[in-house]
Each structure stands twice: as C-alpha cells, then as structure tokens.
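[1] Okay, predicted coordinates and the sequence, questions at the end:
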Amino acid sequence: MNALCTVYKRELAAYFATPLAYVFIVIFLALAGAFTFFLGNFFERGQADLSPFFLFHPWLYLLLVPAISMRLWSEERKGGTIELLLTLPLTPTQAVIAKFLAAWSFAGIALALTFPLWITVNYLGKPDNGVIFASYIGSFFMAGAYLAIGACFSALTKNQVIAFVLSAVVCLLFTVSGTSLVLNFFTGWAPPGVVEAISSLSFTANFEAISKGVLDAVGIVFFTSVMALFLFANVLFVNLYKAR
Amino acid sequence: MTTTMIAIEGLSKTFGPIKAVDRVSFEVARGEVLGFLGPNGAGKSTTMKMLTGFLPADEGRATVCGFDIASHPIEAKRRLGYMPEGAPAYSDMTPRGFLAFIADMRGFSGADKRARIARAADMTNIEHVLEQPIETLSRGYKRRVGLAQALLHDPDVLVLDEPTDGLDPNQKHEVRALIQQMAPQKAIVISTHILEEVEAICSRALIIARGRVVADGTPAELQARSPRHNGIVIKCSNEAATALSPTLRQIAGVAGVEIEPHGLFVRSLPGLDVFDAVRVATRQRAVDIKEIRQEQGRLDDVFRVLTGGATDADILAQTAA
C-alpha cells in the first residue's frame, strides 16, 4: 500500500515537473470554454444549466486524455526505468493502479478547474446544482475510462506518439459507437442484439444518461467496468512487453 | 560459516527461437563477489533480470536470501539492491528526489530516510550534484546515482549490471574500491566484460557463452586453464634460440618449444612446473639470455577460448608481450 502511494505521488509530481501539466490544463480550459460559448451557444440558449459545457466533454477527452496517458508506460519502457520500478518491492498490479490513479487525479484537477463556469451559471440564474454535480461525477468517471484505455495502449509501445494515436483511435470507437455512423455499418447484417450491445458501449450515451438528471448507477457501473477491464489488460501488457 | 545468499538452479529463458539462458546454476555466499563474464548477448543481463524478478524464468528457480523470486517476489526484492544495465533513473528528478523516492519505496521515513540518502550519496560521491536534474548529469554521475539507488537500503544481496561501463579510469577505481569495501558483508554479483575488473575485485568468476556456464572458478583457477599457463618465455637472439631448443625439448615435463621472433616459448605439460629445470639447462648451455620468466596465462585468452573467440592454437601462436 505504501509503495502504491509512493509511485502515485511520484507520477502525479512528474506531470507538474514538466510544462506538460500547465500546457494541458490551459488548453483544456480554453477548449472547454470555447466549446461551451461558441459551439454550445451558452448565452443564446438563455437557460441556466451547463449542458452545453458537458455536451462536448467526450470530444474534448478524446483529444486530450491520450496526451495524459501516453507517457505512463511508454516513457518507462523507453528510458529503461521500468526495470528499476518492477524490481522494487511492488507488484505490477500495484504499479498499474498507482499510475492510473495519478493520471486520473490529474484529469480530476483539470476538470475541477472549470469551476468558474459553475459560478457563472449560478450568478446568472438558478440552475439545478444536483444535475451539475451528477454531470461532473459522470464526466470524471468518463475521463477515467478514457485514461484506462490510454494507459493500456501506452504499455504496448515505447513510442509515445504511437501510444497517443492508438489510444485516440480506440477512444474514438467508444465515443462514436452509439451514433448512426457506426450502427448503420452493423444494422442489416448483424443480429439486433449485437447492434444493441455495440450501441450500449457508447461513452457519449452513457455520459448523457448520467448528466440528464439523477446520478445514473448504470453509467457509473459502465465506466467503472471499462476501467477495470482495460487496467486488467494493462497489467497483462506490462508483463508481456516490459522486457522488449 | 558460509551462508548462501543467492541460489540459482537450472535457470532457462527462451526468446522465440533463441535460447538466451540455458540451465544456468550457481550459488553466491556472503562475502563473495561473483564476476559474471561473457561476450555481449551471452545471457548475462537476462540471467540478472531473472534473478532480480524482472523477467520470469521459463525453467528453474532463483532464490534471494532463501526467498524464491517467483513465489515470494516482494520479500526477495526487499533484500536485493539492483542496478539494471545503463543505470536507468527518472531523468526529470534530481538525485535527491530520486533517492527519496527509492527510500519511500523501501519504507524508510523521517530521520532514517535522510540519513540513508546522505550515506548512499557519500558512498558514491554524488553529494555535490544532489540538486541537479539527473538528465543534466554526465554518464559517470548517472551511473553513480544508479549505484546509490541500489545501496540505499544496505541490502544483503547486490546485483550490478556493468557497474563501471562508461566510467573514466578514476571513477572505475572508485567504484571498484566501493565494491571491495562492501564485499565482506554482502553477496555481490557484477556483470562485466572488462577482464582486469574480474582480476581486481572478484573472488570468483563465471564465464557464460551462448546462454551456458562454460567456466566457474577463482580468477587464478581460470588463468590456469590458459594453454600458456606456466609456460616459460625466454628472450634471446635467434642463434641462441636455435641452439637452445633441442636441449630444452629433452627436459621432462616440457610439452613443446616454439621459436618466437625474439626468443623461445617453452610449453609445459599441464600441471607441471618446469621453470627451474629450464633455467638450469640454459645456464649449462651458457647462452646469452636477456630475460626468462614464467607466464601465468591471461584471463583474456581463457575467455576467448571458452567463448569461442579463439582456439588454444591461436593463443599459443600469440607472441609473448
């Protein structure tokens, strides 16, 4: 447990040791704001809620989350420090969890820094803060699911750019799996059950379910399962590829 | 009483079609410094990676202080200090931050942690670079930071993969002195391809080639396997050499006499010392000799023969230095 905390702290500090953390946070906040005000027509809608802000989160994460996760394992493999880390008294599973939690915390910090929007909407009107809170929780869990995918693919390669592209593509599949773009490809030949299963894998749909109103347990369970699955795969990939 | 700290039995590892390590077995006791020798790609690093639990072995087992690295990895790793090849470290950290991370991982805190960092930094002479990012350090300092990391918890077992690679002669000397100083309390395994290092610090040498152990013994025992071991080099004029050689051939225990550019080389039968007999014979013939000495055989030559880089005949054909 102690070793897990130590790796977690080192990983989180590593984000802030380079300009990456600051560049990331600035871009995240700028894009989140731009999407909300320009694409989401925050003012023109005349409604006191944050749905134009949360609407674009899947797309924002799609672009930015792989940038957080890409270094997690590929940097260790490239620098050879993975050999050091995994010969310290710590299991590979602990290392995977510690690194993931550090990245997830970092995403949480970036998300929390969007609080001025929440203040704005409360200043301008009377929003349903329960919905906003549920949306924040949902967004945080969705970020975790994207990160788990990114961490998993980061263990596959020594090259951070390849890790970024692979995770972005897989994240894209999960993001758009509920849209007609993907579903039309399957309807017609695949049994309806399969089509339904694919559409239920959609991050966008699950996130919307959470942010529409009450904290939807199904959505949280879905994102948690995605995290568990990809972190499990992450441990396998670390063990498989660590020495190559 | 000798206590076995490292025990390796029949360790094997295959990468695709290549048998990287093939049934390697050895033991290291407290107080021993084992030099792990072999050409590049012979399986030295792979064996070390299996011993330290980084790679799982396909067959066989490795134990550290009685703990099997496969079934009790955490207990074994606690007792082990390991410097991987190239001494990897988190380059964005300072040595102080990095050593603090290692200390936390090893469960030290407070004054104990500070004292251990100070001690490791002192032993490896890195005090004055403790606050510089590791990526800005020279190769020699990076190597010493890696060494400090391995020593921090004062482990019973120390595994160092090429500890002096890339160091200048002064730094090499310091690292060797450090290893010798720690040797009585620990079981140390170092890999190297520098043979003088083995002669300087190792109590035992293990030569590995194509994944197999081809020799295991003290450096002196290995030297004795050289075809030139106990041979006698005589420096003299060519006429004297031609005159001497039939006489020397008749001495009991002499296996052969070769005429070399600046004298003679007398090969003895294995295990026999013919130095005195040869010297007496040269005196009786009253030829003018510039130098006469006995060769110990060079570890280099033994290494080359055992690892397939040369044959006994090649070594014998070499002119004495």
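    Cool, the structure landed. Numbering: from 1, shown residues only, chains lettered A, B, ... in the order given.
[2] Enumerate every residue touching the nearest residue to residue A:35 once chain neighbours are set aside.
    Closest residue to residue A:35 apart from its sequence neighbours, by C-beta to C-beta, 6 or more residues apart in numbering or on different chains: residue A:56 at 3.9 Å. Where C-beta positions appear, they are placed from N, C-alpha and C, glycine not excepted. Contacts for residue A:56 (C-beta atoms under 8 Å, 6 or more residues apart in numbering or on different chains) come out as A:32, A:35, A:36, A:39, A:40.
[3] got the residues of chain A near chain B?
    Residues of chain A lying close to chain B by C-beta under 8 Å from any C-beta of the partner chain are A:2-3, A:6-7, A:9-10, A:14, A:17-18, A:79-81, A:83-84, A:86-91, A:242-243.
[4] List the contacts of stretch A:80-89.
    Contacts for stretch A:80-89 (C-beta under 8 Å, 6+ apart): A:3, A:7, A:73, A:75-76, A:92, A:95, A:238, A:242-243, B:49, B:52-54, B:74, B:77-78, B:80, B:82, B:84-86, B:88-90, B:102, B:105-106, B:149.
[5] Also stretch A:166-176?
    In contact with stretch A:166-176 (C-beta under 8 Å, 6+ apart) are residues A:58-59, A:61-63, A:65-66, A:69-70, A:145-146, A:149-150, A:152-154, A:156-157, A:182, A:201-204, A:226.
[6] what about 6 Å?
    A:58, A:62, A:66, A:146, A:149, A:150, A:153, A:182, A:203, A:204 (C-beta atoms under 6 Å, 6 or more residues apart in numbering or on different chains).
[7] so the fifth one makes contact with residue A:230?
    Which is residue A:149. Yes - between residue A:149 and residue A:230 there is a contact at 5.2 Å, judged by C-beta atoms under 6 Å.
[8] of those two, who's got more company?
    Of the pair residue A:149 and residue A:230, residue A:149 is the one with more neighbours under other C-beta atoms under 10 Å in any protein chain shown, namely 29 against 24.
[9] Which strands or helices does the host helix or strand of the more buried one pack on?
    Applying DSSP states H and E as the criterion places residue A:149 in helix A:129-154. The contact analysis (3 or more C-beta pairs under 6 Å, 6 or more residues apart in numbering or on different chains; DSSP states H and E) places helix A:129-154 against helix A:57-69, helix A:71-79, helix A:92-112, helix A:160-176, helix A:203-212, helix A:217-241.
[10] Reformat these as JSON lines; add mean pLDDT.
    Listed next are the helices and strands packed on helix A:129-154 as JSON lines, based on pLDDT from 0 to 100:
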{"stretch": "helix A:57-69", "mean pLDDT": "91"}
{"stretch": "helix A:71-79", "mean pLDDT": "93"}
{"stretch": "helix A:92-112", "mean pLDDT": "95"}
{"stretch": "helix A:160-176", "mean pLDDT": "92"}
{"stretch": "helix A:203-212", "mean pLDDT": "80"}
{"stretch": "helix A:217-241", "mean pLDDT": "92"}
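[11] quick one, which of those is nearest to residue B:162?
    Nearest of these to residue B:162, taken as C-beta to C-beta: helix A:71-79 at 17.0 Å.
[12] one step back: Throw the helices and strands packed on helix A:129-154 into TSV and include distance to residue B:210, thanks.
    Listed next are the helices and strands packed on helix A:129-154 as TSV, based on distance: least, C-beta to C-beta, whole Å:
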stretch	distance to residue B:210
helix A:57-69	40
helix A:71-79	27
helix A:92-112	30
helix A:160-176	34
helix A:203-212	51
helix A:217-241	25
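[13] which ones are touching whichever residue of the stretch 151-300 of chain B sits closest to chain A?
    Per C-beta to the nearest C-beta, residue B:159 is where the stretch 151-300 of chain B lies closest to chain A, at 8.9 Å. For residue B:159, the contacting residues are B:48, B:52, B:82, B:189, by C-beta under 6 Å, 6+ apart.
[14] what's the spacing between the helix or strand hosting residue B:301 and its chain's center?
    Assigned by DSSP H and E, residue B:301 belongs to helix B:299-306. Its chain's average C-alpha position is 13 Å from that of helix B:299-306, according to C-alpha atoms, centre = their mean, to the nearest Å.
[15] Looking at the helix or strand just after it now, give me its mean pLDDT.
    Downstream of helix B:299-306, the next assigned helix or strand under DSSP H and E is helix B:312-317. Average pLDDT, helix B:312-317: 72.
[16] Just give me how far helix B:312-317 sits from the chain centre.
    23 Å.
[17] my guess is residue B:87 contacts residue B:148, does it?
    No - taking C-beta under 6 Å as the definition, residue B:87 is not a contact partner of residue B:148, at 9.8 Å.
[18] Residue B:35 touches residue B:202, doesn't it?
    Yes - with contact defined as C-beta under 6 Å, residue B:35 reaches residue B:202; the gap is 3.4 Å.
[19] neighbours around the residue of chain B found nearest chain A, how many?
    Minimum separation of chain B from chain A (C-beta to the nearest C-beta) falls at residue B:88, amounting to 3.6 Å. Counted by other C-beta under 10 Å, the residues lying close to residue B:88 total 21.
[20] Tell me who's in contact with residue 203.
    Defaulting to chain A. Contacts of residue A:203 (C-beta under 6 Å, 6+ apart): A:58, A:142, A:174, A:175.
[21] could you do chain B instead?
    Residue B:203 neighbours (C-beta under 6 Å, 6+ apart): B:32, B:33.
[22] One more: residue B:49?
    Residue B:49 sits in contact with residue B:55, where contact means C-beta under 6 Å, 6+ apart.
[23] quick one: pLDDT of it?
    pLDDT, read off for residue B:49, is 93.
[24] how much space between it and residue A:239?
    Distance from residue B:49 to residue A:239, counting by C-beta to C-beta, to the nearest Å: 13 Å.
[25] helix/strand/coil for residue B:70?
    coil (DSSP: H, G, I helix; E, B strand; the rest coil).
[26] for it, phi and psi?
    Residue B:70 adopts backbone torsions of phi -80, psi -40, taken as degrees, to the nearest 10.
[27] picking up where we left off before, select only the buried ones of the contacts of stretch A:80-89 in PyMOL?
    Burial among the contacts of stretch A:80-89 is assessed by 16 or more other C-beta atoms under 10 Å in any protein chain shown; the matching PyMOL selection reads:
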select buried, (chain A and resi 3+7+73+75+76+92+95+238+242+243) or (chain B and resi 49+52+53+54+77+78+80+82+84+85+86+88+89+90+102+105+106+149)
